[in-house]
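Visitor: Fold the following for me, if possible:
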Amino acid sequence: MGKMGNKENKTDVILIGAGIMSATLGALLKELIPEWNITVFEQLDKPGEESSNEWNNAGTGHAALCELNYTPEKADGSIDITKAINVNEQFQLSRQFWSYLVNKDLIHNPQDFIMPLPHMSLVHGEKDVEFLRKRFKALSNNPLFEGMEFSDEPEELKKWIPIIMDGRTTDEPIAATKIESGTDVNFGALTRTLITHLEKQNVKINYKHSVKNMKRTSDGSWQLKVKNIESGTVERHTAKFVFLGAGGGSLHLLQKSGIPEGKGIGGFPVSGLFMVCNNPEVVEQHQAKVYGKAKVGAPPMSVPHLDTRYIDNKKSLLFGPYAGFSPKFLKTGSYLDLLLSVKLHNVVNMIGAGLKNLGLTKYLIQQVLLSKEKRMEELREFIPNAKSEDWDMVVAGQRVQVIKESEAGVKGTLQFGTEVVNAADGSVAALLGASPGASTAVHVMLDVLSRCFPERMDEWEPKIKEMVPSYGVSLTEKPEFAREVHVATAQALELTNIYQEA
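Guide: Alright, predicted model coming up:
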């Protein structure tokens, strides 16, 4: 396994993975406790190349403005907006922290990573039109969803989404909601911006370094065995606090740490594909993120959506995601990842999840086997006149959904969400799971800090509130404050001010 370096490299904090999560946690820590030394290990040769990369996620800036799976219909027909409010509140924290960094001149050119873009939901058929109308009513009274419009008039919708209405022959009911205050976030560019900021703050970023093992030392800190991929040498690094922010790679590392909190947890990998439009004339005809409803039996992360994206300062048009299955935990991972993640302590949960989700597994395998023409048929439900030659396929990032025992004690429950697992003494924390992920990175990393450094939170609170004014406050309950914060972040991030001055 290469030569073993004898030198013991000591540092205060080790972040594994140079993605949006580690970059966010590093940026928060550098503001809260600048004297701490932070070291980052990334096995690829640059930051933000896996799930954080702009081609590997939907870049929606998930604020629940358009994602219908965040507002389920209850048995009595009413709409549950709890999750939508939570996700939106969490996204506001991210906006506030980015604004703080811009205002402090620590990062620049916000238009490189965030652009204003309307968010829309689109449904067909009487039942779903009724659902959307109810959802619109339920959200409209909330200050976080101010400015949302609803229409079921085809003439109006032609103005909103010409490319979607053009060539539509069916007379079934159709409806959409639109909210102008949505954004497109380039999480790859944001990650690179944050990593550059950390390097200026003397954070040591080690690329082409792969963490092979980790164990506790007698004084309670963690010793990591790290392979330098280029030289083949193995280094030893020790830190009091380790964060596993390696996307799909976090589960293997969590298992290597041996902490009891990681026992019983498994992972189920899901891959995604997008169609990308290569015809600039078509790209120009659409200006929004339009989310539909997932097909029955499809996982929530495969909600079809047609997105305007800003990538490399160029406007693009993406449609997807088509879910797929690969046993890899990272796009650059190994085909043995899934097999090697099965341990004695999680095998019951893994088998339970497999049996419970046979329908999902079958769906994912069918998706993998779709021909381009079949994928085009799905796209034509959004763009009736779509031509095959105008669209190419791009493989998106791998997501590893968490499998664990549910709170009700049900073995092998598949979780669709973002999950933090930490050691009781706070010396190690891992981030697992998927969407809303990157959009809520600031909320999730503040959660990591409160779990791992509970004794410091009181001392840190004034600084956290300076960086993230709505920390610990419900914007839903304070409409004036919500507006104030929204306008301030829109100005700092150079988004058009959507609230006209009263």
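
Visitor: CA only for contacts and neighbour counts going forward, please
Guide: Will do.

Visitor: just the helices in the stretch 1-150 of the chain please.
Guide: Using DSSP state H, counting those that start in this stretch, the helices of the stretch 1-150 of the chain run over 20-32, 82-103, 126-140.

Visitor: What of the stretch 251-400 of the chain?
Guide: Going by DSSP H, counting those that start in this stretch, the stretch 251-400 of the chain shows helices at 280-283, 337-340, 347-356, 358-368, 372-380.

Visitor: Name the nearest residue to Gly292, sequence neighbours excluded.
Guide: Nearest residue to Gly292, sequence neighbours excluded (C-alpha to C-alpha, 6 or more residues apart in numbering): Leu122, at 5.1 Å.

Visitor: What is the burial count for the closest residue in space to Asp152 that isn't next to it in sequence?
Guide: Nearest residue to Asp152, sequence neighbours excluded (C-alpha to C-alpha, 6+ apart): Ala175, at 4.1 Å. By the measure other C-alpha atoms under 10 Å, the count of residues near Ala175 is 21.

Visitor: Direction included, what does the helix or strand hosting Ala175 pair up with?
Guide: Using DSSP states H and E, Ala175 maps to strand 174-179. The pairing partners recorded for strand 174-179 under DSSP bridges are strand 119-124 (antiparallel), strand 149-151 (antiparallel).

Visitor: Mind checking the pLDDT average for it?
Guide: Averaging pLDDT along strand 174-179 gives 97.

Visitor: Would you mind finding the most buried of the helices of the stretch 1-150 of the chain?
Guide: helix 20-32 (a mean of 23; mean count of other C-alpha atoms under 10 Å).

Visitor: circling back: wait, which of the helices of the stretch 1-150 of the chain is closest to Glu73?
Guide: Ranking the helices of the stretch 1-150 of the chain by proximity to Glu73 (C-alpha to C-alpha) places helix 126-140 first, at 7.5 Å.

Visitor: Residues touching the closest one, excluding its own?
Guide: With contact meaning C-alpha atoms under 8 Å, 6 or more residues apart in numbering, helix 126-140 is reached by 71, 73, 78-79, 81, 123, 145-150, 152, 172-177.

Visitor: confidence score at Gly297?
Guide: pLDDT, Gly297: 65.

Visitor: Not counting sequence-adjacent ones, nearest residue to Ala228?
Guide: Heads up, residue 228 is Asn, not Ala. Leaving aside its chain neighbours, Asn228 sits nearest to His209 (4.7 Å; criterion: C-alpha to C-alpha, 6+ apart).

Visitor: Now for the one you found: which residues touch it?
Guide: By C-alpha under 8 Å, 6+ apart, the residues touching His209 are Phe41, Glu42, Gln43, Leu44, Val226, Lys227, Asn228, Ile229.

Visitor: State the distance from the closest residue to Glu373 other than its chain neighbours to Pro154.
Guide: Closest residue in space to Glu373, ignoring its immediate chain neighbours: Ser388 at 7.4 Å, by C-alpha to C-alpha, 6+ apart. Distance, Ser388 to Pro154, using C-alpha to C-alpha, to the nearest Å: 26 Å.

Visitor: One more: Met457?
Guide: 53 Å.

Visitor: Next: Asn213.
Guide: 59 Å.

Visitor: ok so, going back, my guess is the residue nearest to Gly292 meets Lys289, correct?
Guide: No - between Leu122 and Lys289 there is no contact under C-alpha atoms under 8 Å: 10.2 Å.

Visitor: who's in contact with Ala189?
Guide: Contacts for Ala189 (C-alpha under 8 Å, 6+ apart) come out as Asn53, Glu54, Asp112, Phe113.

Visitor: so which two of the residues you listed are the farthest from each other?
Guide: Longest span within these, C-alpha to C-alpha: Asn53 and Asp112, 13.6 Å.

Visitor: Tell me how far the residue nearest to His252 when sequence neighbours are not counted lies from Ser250.
Guide: Of all residues not flanking His252 in the chain, Ser341 sits nearest, at 6.3 Å (C-alpha to C-alpha, 6+ apart). Look at Ser341 and Ser250: by C-alpha to C-alpha, they are 11 Å apart.

Visitor: So for these two, which sits in the more crowded spot?
Guide: Set Ser341 next to Ser250 and count neighbours by other C-alpha under 10 Å: Ser250 wins out with 23 against 19.

Visitor: surely the more buried one meets Val242?
Guide: No - Ser250 is beyond contact range of Val242, at 11.7 Å (criterion: C-alpha under 8 Å).

Visitor: burial measure for Pro280, as a count.
Guide: The local packing of Pro280 (other C-alpha under 10 Å) involves 12 other residues.

Visitor: the strands in the stretch 401-502 of the chain, which residues?
Guide: With DSSP state E, counting those that start in this stretch as the criterion, the stretch 401-502 of the chain has strands at 413-415, 418-422, 428-433.

Visitor: now for the shortest one, which elements pack on it?
Guide: What that stands for is strand 413-415. Where contact means 3 or more C-alpha pairs under 8 Å, 6 or more residues apart in numbering; DSSP states H and E, strand 413-415 is packed against helix 347-356, strand 391-404.

Visitor: Try it again at 10 Å.
Guide: Helices and strands touching strand 413-415, as assessed by 3 or more C-alpha pairs under 10 Å, 6 or more residues apart in numbering; DSSP states H and E, comprise strand 266-277, helix 347-356, strand 391-404.

Visitor: now do the second one
Guide: In this structure, strand 418-422 makes packing contacts with strand 234-244, strand 391-404, strand 428-433, helix 441-452, judged by 3+ C-alpha pairs under 10 Å, 6+ apart.

Visitor: again, only using 8 Å
Guide: Strand 418-422 sits against strand 428-433, helix 441-452, with contacts defined as 3+ C-alpha pairs under 8 Å, 6+ apart.

Visitor: where does the stretch 351-500 of the chain dip in pLDDT?
Guide: Under the criterion pLDDT under 70, the flagged ranges of the stretch 351-500 of the chain are 497-500.

Visitor: 90 - rerun?
Guide: Scanning the stretch 351-500 of the chain for pLDDT under 90 picks out the ranges 351-372, 374, 394-419, 432-438, 496-500.

Visitor: swap in the stretch 151-300 of the chain?
Guide: Ranges of the stretch 151-300 of the chain meeting pLDDT under 90: 169-171, 246-249, 251, 264-273, 293-300.

Visitor: For it, which segments count as strands?
Guide: In the stretch 151-300 of the chain, the segments counted as strands under DSSP E, counting those that start in this stretch are 174-179, 183-185, 204-206, 209-216, 222-228, 234-244, 266-277, 289-291.

Visitor: for those, which one sits closest to Ser470?
Guide: strand 183-185 (19.4 Å).

Visitor: Identify the residues contacting that closest one?
Guide: Contacts for strand 183-185 (C-alpha under 8 Å, 6+ apart): 59-61, 113-119, 308-310.
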